[in-house]
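Asks: just a sequence and a predicted model for now, questions to come.
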Amino acid sequence: MKIRFGYVANALGLWDASPSKTLTFTRYKTLPKSERMDKLKSVTAQNLQHTKRILYYNIAHEVELYRFSSSLVPLATHPEVMWDFITPFKTEWEELGQLIQQYELRPSFHPNQFTLFTSPREEVTRNAVVDMEYHFKMLEVMNALERGMINIHIGGAYGDKESALGRFHENLKTLPSNIKKHMTLENDDKTYNVEETLITCETENIPMVLDYHHHMANKGEDNLSSYLPRIFNTWKSSSVVPKVHLSSPKSNQAYRSHADFVSIEFILPFLKMAKELGQDFDIMIEAKTKNLAMLKLIEEIASIRGIKRISGSTLDW
């Protein structure tokens with residue numbers, strides 16, 4: 001069983017390499033109109049350059065999983081801006097895509113919590129579609145659709161979970177089918193648990209990303225071992241292996257918050273559970289120290305008898 005590891009957005013240790021530099025709409029409006037587009041392009045160019053540096057870091061460390069920042073392009077989906085961020089940077093996007101293709105990287109995006117399909121408000125659903133289109137365009141221009149996925153949560157319950165789930169299925173019909181093919185759903189730490197998310201994924205034929213930390217914060221009566229084969233099975237029509245999110249609680253008082261690093265004691269029960277299935281899968285580390293937490297955890301797991309490290313970020317068990 002092979003397990004690959006990856007991390008989110010920023011490679012700590014690289015100097016000034018944030019791929020998420022922003023330009024707020026408030027700041028944008030204060031600029032003279034003649035300067036606004038230049039500022040948008042300047043921030044975007046910086047984010048793309050930093051992303052390229054991070055990909056080279058990943059390649060050097062044999063890290064094949066990477067979650068791109070959703071903030072690569074400032075104000076890309078703002079209704080009063082909505083600018084063409086593809087054409088001016090065609091070369092830069094293609095360079096990122098060439099690295100993804102050459103080194104067979106697995107890219108992903110995770111839009112924010114406002115990208116949801118359970119809201120009773122039509123404008124929220126419209127905005128969710130716009131945001132999914134934005135992320136899809138970035139995967140498309142990087143020629144990364146073969147392995148690229150866009151992961152979201154189901155959304156809120158609005159006081160009536162059954163009605164909200166009904167709206168999810170109805171509102172999801174507004175998402176273009178070519179984008180839906182690259183969508184995954186993740187269980188969350190407060191509202192939709194593993195069972196509810198899994199049933200939704202099975203109904204919509206969407207791969208499910210298991211978040212183990214979220215499950216431990218919101219597990220109810222769920223017995224994860226009975227659901228894990230079905231969760232992995234939601235990926236059977238995909239071109240990539242199942243993906244799991246791992247992090248550990250910051251403290252008992254701040255249980256839902258991510259710690260700086262990942263506690264091996266916290267996640268080991270899950271790894272042993274997954275080992276019983278013998279299924280290759282990928283792990284996205286969501287700790288605060290990002291790549292540093294990933295590398296530390298890989299070393300700790302690799303020290304367990306019977307587990308062998310076969311690359312910078314891959315273990316064989």
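Replies: That came through fine.
Asks: just the strands in the stretch 1-150 of the chain please.
Replies: With DSSP state E, counting those that start in this stretch as the criterion, the stretch 1-150 of the chain has strands at 2-8, 65-67, 106-109, 149-153.
Asks: contacting residues for Ser69?
Replies: By Cβ atoms under 8 Å, 6 or more residues apart in numbering, the contact list for Ser69 reads 9-10, 19-20, 47, 51. C-beta: built from backbone N, CA, C; applies to glycine.
Asks: what about 10 Å?
Replies: Contact analysis of Ser69 by Cβ atoms under 10 Å, 6 or more residues apart in numbering lists 8-10, 18-21, 47, 50-51, 54, 109-110.
Asks: quick check: the closest residue to Gln279 other than its chain neighbours vs Pro207, distance?
Replies: What sits nearest to Gln279 in space, not counting adjacent residues and going by Cβ to Cβ, 6 or more residues apart in numbering, is Phe232, at 5.2 Å. For Phe232, the distance to Pro207 (Cβ to Cβ, to the nearest Å) stands at 9 Å.
Asks: so what sits against both of the two?
Replies: By Cβ under 10 Å, 6+ apart, the residues touching both Phe232 and Pro207 are 242-243.
Asks: before we move on, the earlier item: reformat the strands of the stretch 1-150 of the chain as JSON lines; add mean neighbour count.
Replies: Output for the strands of the stretch 1-150 of the chain, formatted as JSON lines (neighbours: other Cβ atoms under 10 Å):
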{"stretch": "strand 2-8", "mean neighbour count": "22"}
{"stretch": "strand 65-67", "mean neighbour count": "22"}
{"stretch": "strand 106-109", "mean neighbour count": "24"}
{"stretch": "strand 149-153", "mean neighbour count": "23"}
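Asks: tell me where the stretch 151-300 of the chain has helices.
Replies: With DSSP state H, counting those that start in this stretch as the criterion, the stretch 151-300 of the chain has helices at 161-171, 177-180, 194-204, 212-217, 224-233, 264-275, 290-302.
Asks: any chance of the ones you listed in a markdown table, with distance to Leu99, mean pLDDT and mean neighbour count too?
Replies: Converted to a markdown table, the helices of the stretch 151-300 of the chain look like this (distance: least, Cβ to Cβ, whole Å; pLDDT from 0 to 100; neighbours: other Cβ atoms under 10 Å):
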| stretch | distance to Leu99 | mean pLDDT | mean neighbour count |
| --- | --- | --- | --- |
| helix 161-171 | 35 | 97 | 16 |
| helix 177-180 | 23 | 98 | 12 |
| helix 194-204 | 30 | 97 | 19 |
| helix 212-217 | 30 | 97 | 21 |
| helix 224-233 | 28 | 97 | 17 |
| helix 264-275 | 29 | 97 | 16 |
| helix 290-302 | 17 | 98 | 20 |
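Asks: picking up where we left off before, tabulate the strands of the stretch 1-150 of the chain in CSV, adding columns for distance to Met216.
Replies: Below are those laid out as CSV (distance: least, Cβ to Cβ, whole Å):
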stretch, distance to Met216
strand 2-8, 19
strand 65-67, 21
strand 106-109, 22
strand 149-153, 16
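Asks: need those in CSV with distance to Met37 and mean pLDDT, can you?
Replies: Formatted as CSV, the strands of the stretch 1-150 of the chain follow (distance: least, Cβ to Cβ, whole Å; pLDDT from 0 to 100):
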stretch, distance to Met37, mean pLDDT
strand 2-8, 30, 98
strand 65-67, 28, 98
strand 106-109, 24, 98
strand 149-153, 27, 98
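Asks: for the residue most central in space within the chain, which non-adjacent residue is closest in space?
Replies: For the chain, the residue nearest the mean C-alpha position is His110 (3.7 Å; Cα atoms, centre = their mean). Excluding the flanking residues, the one nearest His110 by Cβ to Cβ, 6+ apart is Asn151, at 4.8 Å.
Asks: mind listing what Asn193 touches?
Replies: By Cβ under 10 Å, 6+ apart, the residues touching Asn193 are 187, 214-215, 217-222, 227.
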